[in-house]
Every structure is written in structure tokens, then in C-alpha cells.
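1. I would like the atomic coordinates for the input below:
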Amino acid sequence: MQLWIRHETTYTYTAQQAYSIQQLHLTPRLESHQHALSWQLSAAGQLHAYTDAYGNLSHMLTLNAPHTALTIVAAGTVETTAPQGGRVASGDALSPLAYTVPTALTAVTPPIAALAARCIPQPSPLPCTADAMRLAEGIAAAVRYQSGSTAVGTTAGAALDLGTGVCQDHAHILVACCHALGWPARYVSGYIDPGNSGHAASHAWVDVWTDDGADVGWVSVDVTHARLMTDAYCRLAVGRDYDSAAPVRGVRRGAGGESMAATVQVTQQ
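-> Model prediction:
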């Protein structure tokens, strides 16, 4: 499948800013099941490309000039193939044990531990794919998708208590449930061809380290749709949570407030 993607992010400030710095995860990862046929990243300021600790293709954007707005555009065409059984090639320098470390956004609360235990009453040292899907289905049933019901700083525990959330919350809760069971799991940011689902084209899901006998490694699970990853997905970054895999994240030097608007288009070519 070929996906045409355009992602525009605009920050608008109420006062002039002297300096902005943004960490960008806006370039598709180099993975066997996806290949960027064309991709361009544009913004005012200087872009420095690097690969971060998680193997993500990243950029540091610095704008060292007076400005009252900042627009970042990433666009291109990505060719994807459906990974068999949702399994994505590892090829990572990091051990999967690096993804058992809790974060503030994925901390295990008593309700999260209870949800994990209900879904997986007799856990194995590592899950099989069916275990990961049971968790995903349990989370999707417990936390109804509702756009705008949470924010980027909402923790897994808070979203579960609220009972509503978005794909980011679903992903954080699955990571936290895996941690409660002692299983490696990592957050994935990227895009999805939304079709008629009504869910945002900018998306988040989870890789779970599974043992299916002949196959051991990462299986990519979309909690929001309660399914394995298909060729309708484009992966931007992996990390321990949203903070380490966010498409755009940064700071500025200047007074006043700010607003952010993002538009994402994903269509099949």
C-alpha cells in the first residue's frame, strides 16, 4: 500500500518569541515493512538530523530569531506492507528490557494492576500474541474512545479512572498493564489511514515483546481498534511513552501564551 501523508503543526504566540527549540519525530522509521518513497520536512530555522537512543530518525529544530508563529510541515509518500501476524523486525540496539522501565505516564496503579490480572489471570514470563490481544480488548472495553476527553499529560491511571480517552491513553494503559505483568512494551507514534473509523489520522499504538514459540519479538498492537498493525499504518517513532516518541515537542524563550493547531491528512495512493 502507498500512503500519502501531510502533517502540519503551527504554534501561534501572543507575544514575540526570541528563541524556539523543537525535537521532531516526523520522519518514518527505517523498518522492513515500510519505505519512504518521498519525504520532506520543512520549517523556518535550522534542522539538525540525528538518530535518537531508540533508533528513531529525528531532527532538532532551532529558530533563533524573533517570531510570533512557527509552522512545521512533514509530507511525503510511504510504501507499506502488512507485517505477518503484526510482527515487526527487531533490529534494535536496545534490549527489550529497556522497555520495562516505568515512566510517569505509564505508572502502574492498583486499578491498572487489577485490569491486567483480570485479562491475564495466569501470566507467563512472556506473553503470546493472543495474550497481548486479550489485554488490548480489555482496555478498549474499559476506556471508551472520546476525542478531546484527555490531554497529552494525562497518565494511564487517570485515563483508566476516567473511562474515556484517545489512542495515546489506550497505548499508555497497555504499556502499563504489560509492566504490571513484567512484560516489555513500547509506545509507538505514527499515522493510520483512518478509512471510515472517524479516528484521527495521527495515531498511537504499542509494540509488545511476545513469545509465540517459533517467533519471539515485537508484535504491534492497536488498542483503539483492538487489532494487530496492518499496512494501513506508518510508524514514526518508538519510546517508553508519549514524551519520548512525540512527533513534536519543545520549549521557547519569550513571554505570553501559545496555541497549537495540527492537521494531518492520510490517504491511499
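2. okay, CA-based contacts and neighbour counts for the rest of this
-> Noted.
3. so residue 260 makes contact with residue 14?
-> No - using C-alpha atoms under 8 Å as the test, residue 260 is too far from residue 14 to be in contact (11.7 Å).
4. next one: the longest strand along the chain to chain centre, how far?
-> Identified as the longest strand of the chain according to DSSP state E is strand 2-17. Mean-position distance between strand 2-17 and its chain equals 18 Å (C-alpha atoms, centre = their mean, to the nearest Å).
5. ok, residues contacting that strand?
-> 65-80, 193, 232, 252-269 (C-alpha atoms under 8 Å, 6 or more residues apart in numbering).
6. got the CA coordinates for that strand in PDB?
-> C-alpha atoms of strand 2-17 as PDB (Å, rounded to 0.1, in the frame of the first residue of the first chain):
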ATOM      1  CA  GLN A   2       1.100   3.600  -0.600                       C
ATOM      2  CA  LEU A   3       0.100   6.200   1.900                       C
ATOM      3  CA  TRP A   4       0.300   9.900   1.100                       C
ATOM      4  CA  ILE A   5       0.800  11.800   4.300                       C
ATOM      5  CA  ARG A   6       0.800  15.500   5.200                       C
ATOM      6  CA  HIS A   7       1.200  16.700   8.800                       C
ATOM      7  CA  GLU A   8       1.200  20.500   9.500                       C
ATOM      8  CA  THR A   9       1.800  21.800  13.000                       C
ATOM      9  CA  THR A  10       1.500  25.600  13.800                       C
ATOM     10  CA  TYR A  11       2.400  27.300  17.000                       C
ATOM     11  CA  THR A  12       1.000  30.800  17.400                       C
ATOM     12  CA  TYR A  13       2.200  33.100  20.200                       C
ATOM     13  CA  THR A  14       0.600  36.100  21.900                       C
ATOM     14  CA  ALA A  15       3.900  37.800  22.300                       C
ATOM     15  CA  GLN A  16       7.100  37.800  20.200                       C
ATOM     16  CA  GLN A  17       9.500  34.900  21.000                       C
END
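7. Which neighbours in the sheet does it have, and how are they oriented?
-> If you go by DSSP bridges, strand 2-17 pairs up with strand 67-80 (antiparallel), strand 258-268 (antiparallel).
8. contact partners of the shortest one?
-> I take that to be strand 258-268. Residues from elsewhere that reach strand 258-268 (C-alpha under 8 Å, 6+ apart): 1-14, 191-194, 200-202.
9. Pull out the buried members of those.
-> Buried residues within the contacts of strand 258-268, counting neighbours by 16 or more other C-alpha atoms under 10 Å: 2-9, 12-13, 191-194, 200-202.
10. quick one: pLDDT of the nearest residue to residue 57 once chain neighbours are set aside?
-> Nearest residue to residue 57, sequence neighbours excluded (C-alpha to C-alpha, 6 or more residues apart in numbering): residue 51, at 4.8 Å. On pLDDT, residue 51 comes in at 96.
11. And for residue 199?
-> On the pLDDT scale, residue 199 gets 59.
12. go on, residue 128?
-> On pLDDT, residue 128 comes in at 97.
13. Surely it touches residue 210?
-> Yes - with contact defined as C-alpha under 8 Å, residue 128 reaches residue 210; the gap is 5.0 Å.
14. residues in contact with residue 190?
-> By C-alpha under 8 Å, 6+ apart, the neighbours of residue 190 are 28, 202, 203, 204, 233, 234, 235, 236, 237, 247.
15. Revised request: answer the last question for residue 241.
-> With contact taken as C-alpha under 8 Å, 6+ apart, residue 241 is in contact with 103, 105, 106, 172, 186, 187.
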